[in-house]
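Visitor: This is a predicted model, with the sequence first.
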Amino acid sequence: MHLIERAGGVLAGGCDSPVRSGWGVGAEMFVQSDARGAYAFDEESRRYVDYVMAYGPLLFGHTHPALVGGLDELAQRGFVWGCTHPEEVRLAERIRAHLPSMQRMRFVTSGSEAMMSAVRVARAFTQRTRVLKFAGNYHGHFDLALLEAGASAGAAGAAGSGIPEATRRDVIVARYNDLASVDDRCSASEDEIAAIVVEPIAANMGLVLPQNGFLEGLRERASRWGALLIFDEVVTWLRFGLGGAQGGLGVRPDLTALGKIMGGGVPIAAFGGRAEVMDALAPCGQTFTGGTHAGNPFSVAMAHRVLDLLEAYPEYYTEMGALARRLADGLGDILARHGLPYAVVQRESIVDFKFRAGAPSANFDDARLADARAYALYYREMLSRGILLAPSQNEVMFVSTAHSPADIDQTLAAAAESLAQVARLGISHDSKAKS
């Protein structure tokens with residue numbers, strides 16, 4: 001029996017995350033059997049240049065020697081202790097040195113858990129319940145985060161999805177990069193808002209950069225309203241440098257959430273912020289978060305390895321950025337040759353373009369105009385040529401230190417043929433959304 005059929009018999013929906021099913025691109029689920037460096041391998045051991053990179057956390061590609069070597073030594077000390085330990089404290093000190101806004105922090109196991117916990121702390125500290133978020137931003141799969149979420153969430157927040165109506169009433173959704181939308185949606189509710197939650201650089205509706213003044217405007221409003229500003233840096237921290245998006249953009253949040261990129265993909269995450277805010281947590285305050293795996297010694301040791309690499313080799317960022325620029329420039333040239341008026345966006349080691357004419361997306365309304373049929377064809381054509389992209393047009397391309405100029409050239413050759421097929425069939429030549 002084919003593995004996909006077996007999966008359908010035992011896994012809900014045949015997979016553990018809906019995007020993996022391939023439903024968004026009309027493709028059979030990609031089944032991966034192995035991974036090394038910049039490459040993923042399917043059941044038949046065919047090699048693919050991988051730009052999914054576990055949806056971002058694999059800065060060094062798969063199986064970097066500094067991360068996968070000597071694991072027996074780490075394991076011999078135990079996976080889970082259930083006690084605070086010196087390396088956990090040292091890791092928090094290292095993170096705070098790079099992210100000074102995180103004066104106090106707490107470790108958890110996933111980005112979803114980090115964001116869920118940060119929102120709870122904000123509500124406890126402000127004694128308010130409402131949360132302002134932005135359409136197209138993805139903050140995990142807890143209830144309020146899924147309303148008009150990006151990434152592969154799709155209609156996950158729709159009626160009948162299991163999200164209570166009371167949760168819907170507590171959430172205000174505004175347009176990213178649009179302070180007028182913020183003011184309009186929050187009018188007469190400013191003193192009810194506990195937190196403004198935002199991806200400082202959005203990477204779950206494609207790559208959408210903050211326009212000048214947007215984050216500064218959120219910072220000012222949060223302070224004026226008595227709310228807390230929460231940065232979701234699950235994707236952006238370490239992808240955009242040791243100082244994260246907040247360091248590069250110069251806007252200081254009250255709370256920050258970090259994800260598994262800190263451990264090279266193993267289950268570790270964190271949330272933290274101003275000391276007086278984090279004092280809302282038990283045992284200092286009355287707000288509970290906790291978990292047996294939080295700060296476990298194995299994941300903490302892996303996080304130290306990641307920081308060791310990045311601190312020892314700052315040139316990694318320059319090298320990844322150069323490869324990403326080579327990829328972005330090449331894609332732009334190919335699109336122009338085929339008369340496809342799509343903007344390519346690149347920031348550090350992330351590259352993206354949408355099948356939508358005009359300037360880069362500024363918000364989710366723009367992103368939703370992208371032609372889903374065109375992306376689905378492009379995905380399938382690229383896969384047939386040995387390039388693995390995310391099976392959702394809301395996702396982006398992640399470059400790692402394991403990618404080489406030859407990988408980029410192979411990708412561009414595949415893109416030239418794939419985009420020629422898109423142009424030849426005339427699937428997408430305007431900015432109207434198609435289902």
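Guide: Arrived safely.

Visitor: For residue 54, the count of nearby residues, please.
Guide: Counted with other CB atoms under 10 Å, the neighbours of residue 54 add up to 14. Any C-beta I mention is one placed from the backbone N, CA and C, and that applies to glycine too.

Visitor: Can you give me the distance of the closest residue to residue 278 other than its chain neighbours to residue 287?
Guide: Spatially, and ignoring its direct neighbours in sequence, residue 278 is nearest to residue 104 (3.8 Å; CB to CB, 6 or more residues apart in numbering). Counting by CB to CB, to the nearest Å, the separation of residue 104 from residue 287 is 13 Å.

Visitor: cool, residue 36 as well?
Guide: In terms of CB to CB, residue 36 sits 43 Å off from residue 287.

Visitor: So if I had to pick from these two, which one is more boxed in?
Guide: Per other CB under 10 Å, whichever of residue 36 and residue 287 has more neighbours is residue 287, with 17 against 13.

Visitor: dump the residue contacts of that one.
Guide: Residue 287 makes contact with 120-121, 124, 280-281, according to CB atoms under 8 Å, 6 or more residues apart in numbering.

Visitor: Show me what it is bridged to.
Guide: Residue 287 has these beta-bridge partners by DSSP bridges: residue 281.

Visitor: quick one: pLDDT of it?
Guide: As predicted, residue 287 sits at a pLDDT of 94.

Visitor: Next, find the distance separating it from residue 106.
Guide: Look at residue 287 and residue 106: by CB to CB, they are 11 Å apart.

Visitor: Repeat that for residue 362.
Guide: Distance, residue 362 to residue 106, by CB to CB: 34 Å.

Visitor: and if you look at residue 228?
Guide: Going from residue 228 to residue 106 by CB to CB gives 16 Å.

Visitor: which of the two has more neighbours?
Guide: Remark: of residue 228 and residue 106, residue 228 carries more neighbours, 27 against 20, as counted by other CB under 10 Å.

Visitor: Below-threshold pLDDT in the stretch 51-200 of the chain: ranges please.
Guide: Within the stretch 51-200 of the chain, the stretches with pLDDT under 70 are 154-159.

Visitor: same thing but at 90, please
Guide: Along the stretch 51-200 of the chain, segments meeting pLDDT under 90 span 75, 77-78, 142-168.

Visitor: Which parts of it are strands?
Guide: Counting by DSSP state E, counting those that start in this stretch, the stretch 51-200 of the chain has strands at residues 104-108, 130-134, 171-174, 193-198.

Visitor: mind listing what's buried in the first one?
Guide: By that I understand strand 104-108. For strand 104-108, burial by neighbour count (16 or more other CB atoms under 10 Å) applies to 104-108.

Visitor: ok, and what's touching that strand?
Guide: For strand 104-108, using CB under 8 Å, 6+ apart, the contacting residues are 88, 91-92, 95-96, 114, 117, 268-275, 278-279, 281, 289, 291, 294-295, 300.

Visitor: So what's the gap between that strand and the chain middle?
Guide: Its chain's average C-alpha position is 19 Å from that of strand 104-108, according to CA atoms, centre = their mean, to the nearest Å.

Visitor: can you map out the helices along the stretch 251-400 of the chain?
Guide: Ranges of helices in the stretch 251-400 of the chain, per DSSP state H, counting those that start in this stretch, are 275-278, 297-312, 315-337, 364-367, 372-384.

Visitor: May I see these arranged in TSV, with mean pLDDT and distance to residue 13 as well?
Guide: Formatted as TSV, the helices of the stretch 251-400 of the chain follow (pLDDT from 0 to 100; distance: least, CB to CB, whole Å):
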stretch	mean pLDDT	distance to residue 13
helix 275-278	98	37
helix 297-312	97	28
helix 315-337	98	32
helix 364-367	96	25
helix 372-384	96	19
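
Visitor: Name the single longest strand found in the chain.
Guide: strand 350-357 (DSSP state E).

Visitor: Restrict that one to CA atoms and write it as CSV.
Guide: Provided in CSV are the C-alpha atoms of strand 350-357 (Å, rounded to 0.1, in the frame of the first residue of the first chain):
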residue,chain,number,x,y,z
ILE,A,350,14.0,35.2,2.5
VAL,A,351,12.7,35.5,-1.1
ASP,A,352,9.2,35.7,-2.3
PHE,A,353,7.0,36.7,-5.2
LYS,A,354,3.3,36.5,-5.8
PHE,A,355,1.3,35.9,-9.0
ARG,A,356,-0.2,39.3,-8.8
ALA,A,357,0.6,42.3,-11.0
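
Visitor: the inter-axis angle of it versus helix 315-337?
Guide: In terms of direction (axes from the mean of the first three to the mean of the last three CA atoms, to 10 degrees), strand 350-357 departs from helix 315-337 by 20 degrees.

Visitor: angle of strand 350-357 against helix 372-384?
Guide: Comparing the axes of strand 350-357 and helix 372-384 via the same axes, to 10 degrees yields an angle of 140 degrees.

Visitor: Do you know the pLDDT at residue 15?
Guide: On pLDDT, residue 15 comes in at 87.

Visitor: Kindly apply the preceding question to residue 40 instead.
Guide: At residue 40, the pLDDT value in this model is 98.

Visitor: Just say helix, strand or coil for it.
Guide: For residue 40, the assignment made with DSSP: H, G, I helix; E, B strand; the rest coil gives strand.

Visitor: burial count for the residue nearest to it when sequence neighbours are not counted?
Guide: Nearest residue to residue 40 in three dimensions, chain neighbours excluded: residue 50, at 4.2 Å (CB to CB, 6+ apart). Other residues within reach of residue 50, judged by other CB under 10 Å, total 27.

Visitor: Across the sheet, point out what pairs with the nearest residue to residue 92 once chain neighbours are set aside.
Guide: Closest residue in space to residue 92, ignoring its immediate chain neighbours: residue 105 at 5.5 Å, by CB to CB, 6+ apart. Beta-bridge pairing for residue 105 (DSSP bridges): residue 272.

Visitor: so how far is residue 125 from residue 105?
Guide: Distance, residue 105 to residue 125, using CB to CB: 15 Å.

Visitor: same thing with residue 97?
Guide: Distance of residue 97 to residue 125, given as CB to CB: 24 Å.

Visitor: Would you mind telling me which of the two has the busier surroundings?
Guide: Neighbours per residue (other CB under 10 Å) separate residue 97 from residue 125, with residue 125 holding more: 24 against 12.

Visitor: right, and that one touches residue 275 too?
Guide: No. Residue 125 lies out of contact with residue 275 (CB atoms under 8 Å); the separation is 11.4 Å.
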